[in-house]
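K.L.:
Return a 3D structure for these sequence lines:
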Amino acid sequence: MRYGLLQASFIPPIAQRDLRDLTRYRTKLVQERAREVNRVQGVLERANIKLASVASDVLGVSGRAMLEALIAGQADPATMAALAKRRMRSKIPALEQALTGTVRDHHRRLLAMQLRHIDFLDEQIAALNSAIAHCVTTLSQEAAVSPASLAPTTIDVPLPTDPPPPLTFTRAVELLDTIPGVNQRGAEMIVAEIGIDMTRSLNLSHIVAHQIWLRRGVLPLRCRAYRLQRRGPLRGLLVPIATIFDLLQTARN
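P.N.:
Numbers count the residues shown, from 1 in each chain. This is a model prediction of the structure:
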């Protein structure tokens, strides 16, 4: 380190580290919510309730009303199917068949606990969304990055008369949100992980190479991200690489 033989590690500012903590925690809660929804589906399957075969979203407006009725002890399939809303009302005959099962008090107890847990996770995720938006706004006000100087070119291209506005975290999120497959949540995750100053953040050549590998389908997504992060240049970059891989996979699908 004294003689410059070791590559220095980039430590983001404390405000960006706080933003990273918030986005990573939100990701964990979103994943936990998905697991809890799968547990709800498992309880319904064990009770021979095939609601997912008719409703695309078991926890939608119609599905949630039917689950609440099921927990309340209304085991009549026709009564529960009548709770369908809007387009789901055209599927009432199929819903009556799907809601015909063997529901016991044990199933109702599990469903009630799981729905309460999902509601709690929804509240926590909403609170994190507000905290992340506030943190992004604060970073944009405190740490605006000056626009990078234009690279010299041999092609006679007219340069813009007015310099571009300075890049901020809020502007970076807006720009990333325009990429197909990247929503606001994904844009906030990318900005939190790699920041907006590419001269001090992780090497983008690694990300480009991994994107090519992903499109070729060389290795499974998570397995590849786990194996690559053990190599020297990528050590500690598992979270941003996996995040970008997930967004690319969503865009490709």
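K.L.:
For Leu29, see how far away Leu83 is.
P.N.:
According to CB to CB, to the nearest Å, Leu83 and Leu29 sit 29 Å apart. All C-beta atoms are positioned from the backbone trio N, CA, C, and that covers glycine.
K.L.:
So for those two, which residue has more residues nearby?
P.N.:
Leu83 (21 against 17; other CB atoms under 10 Å).
K.L.:
What helix or strand is that one located in?
P.N.:
For Leu83, there is no helix or strand it lies in under DSSP states H and E.
K.L.:
Any idea how many residues pack against Lys91?
P.N.:
Neighbours around Lys91, by other CB under 10 Å: 15.
K.L.:
Quick check on it: phi, psi?
P.N.:
phi -110, psi 20 (degrees, to the nearest 10).
K.L.:
Also Leu167?
P.N.:
According to degrees, to the nearest 10, Leu167 has phi -80, psi 130.
K.L.:
How many neighbouring residues does it have?
P.N.:
Burial of Leu167 is recorded as 18 neighbouring residues (other CB under 10 Å).
K.L.:
My guess is it contacts Gly195. True?
P.N.:
No. Applying CB atoms under 8 Å, one finds Leu167 not in contact with Gly195, separated by 10.5 Å.
K.L.:
Output the longest helix belonging to the protein.
P.N.:
helix 105-142 (DSSP state H).
K.L.:
Quickly find the element holding Val37.
P.N.:
Using DSSP H and E, Val37 falls in helix 14-46.
K.L.:
Name the residues of whichever helix or strand comes after that helix that are buried.
P.N.:
Later in the chain than helix 14-46, the nearest helix or strand by DSSP H and E is helix 61-71. Applying a neighbour-count criterion of 16 or more other CB atoms under 10 Å, the buried positions in helix 61-71 are 62-67, 69-71.
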